[in-house]
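> Quick one: sequence plus predicted model below, questions after.
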Amino acid sequence: MRGCRKIRSRLGRLLDQELTGREAAAVHSHVAECPDCSNALALLLALNERLDALLPPPPPAILEGVMTRARRENSGRRAHIGWPAPWHSWPLAVRFAASAAAIAACVIGLMAGSTAARYTGRLPDRDTAIMIMDAGPSLLAAYIGERR
Amino acid sequence: MDPLDDPDARLMAEVAGGDLAAFERLVIRNQKSAWSLAYRFLGNAADAEDAAQEAFLRILRAAPGYRPKAKFRTFLLSVTGNICRDMLSKKRPLVLEETGDLRDLAPDPGEVLEGRERTGGLRRALGALPAKQRLALLLRHYEELSYEEIAGALHTSTKAVDSLLQRARRTLQELLAETG
């Protein structure tokens, strides 16, 4: 019969209800008169029935596994957000205070270094300077006393 | 479709706000779909469980940027399908379980054997299909997605979906005719 190729290409869409009413009617009227296309449609229906029989087993404990992993990821994210928080999220006053404290620490460190140099006649070596800056004024006083 | 008509899309909005209880409800409502697709695609329970879990976790991570354009279920099946295809490309050959079919619980041993052979043959034939054809067929036949929804899930056109389905069905018929 004429037009079999076109009709065959539409059989799947007919079963999937993806044809317009007019297209479906044209396929039906062709199939009613064409044994080959009728057979092709019967084979597709048989395939669908066979596919219907393929049932999956009941789902396993997907929920438990997902929620355990989700809670772990969530707590990790919260811990990351908790500390250290991003600089831009700090309040303005806190950012100002932190900046001022950092500048003051640098100035004190420089003053301590220059004082030590004045009293000892030479600059302290690198490790000593770091120790002075870390330990603060009490260690500085002890250091000066020892050098004298 | 109005996204607000989809209860799962509303749950996703809550998940985006960090609500894990909403996420739990979302998993409960949709776990069967993700599991069924993954099991039928991958052919074994352990891999299917991994794929379904991974799909939900990816959805949890993607929740803040989620903008519903289609049904949530279509989005979930798309994510699950992508994970399955990735798993398949990294893991060959495909291992097909012969024990999972509920029809295997039939009491008559003769029927059980015949049923197992039939479903085993069908599983092997499905496993032999190219991944994209197999996914299109599973989304159409079992999940009853329209061609347009399948096209959205596979990032292709409805014409391409039609072609994928035609080739999948033709190949399945040929393989089953050979093996019975």
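Good, I have the coordinates. The structure presented is a predicted model; accordingly, all values stated were derived computationally and were not measured.
> domains for chain B, by residue range?
The record's domain split for chain B, according to automatic domain parsing, is B:1-95, B:129-180.
> Ok, which of these comes nearest residue B:120?
Residue B:120 lies closest, by Cβ to Cβ, to one member of the domains of chain B: domain B:129-180, at 9.3 Å. In short, each C-beta sits where N, CA and C put it, glycine included.
> where along the chain do the helices fall?
Using chain A. A:4-15, A:21-33, A:35-52, A:62-82, A:92-120, A:126-135, A:137-147 (DSSP state H).
> right idea, wrong chain: chain B
Using DSSP H, helices in chain B cover B:7-16, B:20-42, B:45-62, B:72-90, B:109-128, B:131-141, B:147-154, B:158-179.
> Point out the most buried one among these.
Per residue and on average, the most neighbours among these fall to helix B:131-141, with a mean of 23 (mean count of other Cβ atoms under 10 Å in any protein chain shown).
> Does chain A have contacts with that one?
Yes. Contact of helix B:131-141 with chain A is found when judged by Cβ under 8 Å from any Cβ of the partner chain, involving B:137, B:140, B:141.
> and those residues as CSV, adding pLDDT?
Formatted as CSV, those follow (pLDDT from 0 to 100):
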residue, pLDDT
B:137, 97
B:140, 97
B:141, 96
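> tell me which of those residues is nearest to chain A?
Taking Cβ to the nearest Cβ as the measure, residue B:141 is the one of these closest to chain A, at 5.2 Å.
> surely that closest one meets residue A:51?
Yes. Contact criterion Cβ atoms under 8 Å: residue B:141 and residue A:51 qualify, at 5.2 Å.
> how far away is residue B:44 from chain A?
Per Cβ to the nearest Cβ, to the nearest Å, residue B:44 is found 11 Å from chain A.
> who's in contact with residue B:7?
Residue B:7 makes contact with residue B:29, according to Cβ atoms under 8 Å, 6 or more residues apart in numbering or on different chains.
> Actually, residue B:132.
B:85, B:154, B:164.
> per-residue pLDDT, it?
Reported pLDDT at residue B:132 in the predicted model: 96.
> from what I can see residue B:137 touches residue B:130, true?
No. Assessed by Cβ under 8 Å, residue B:137 is found out of contact with residue B:130, at 10.5 Å.
> Please identify every residue contacting each of those two.
Here residue B:137 and residue B:130 have no joint contacts, going by Cβ under 8 Å, 6+ apart.
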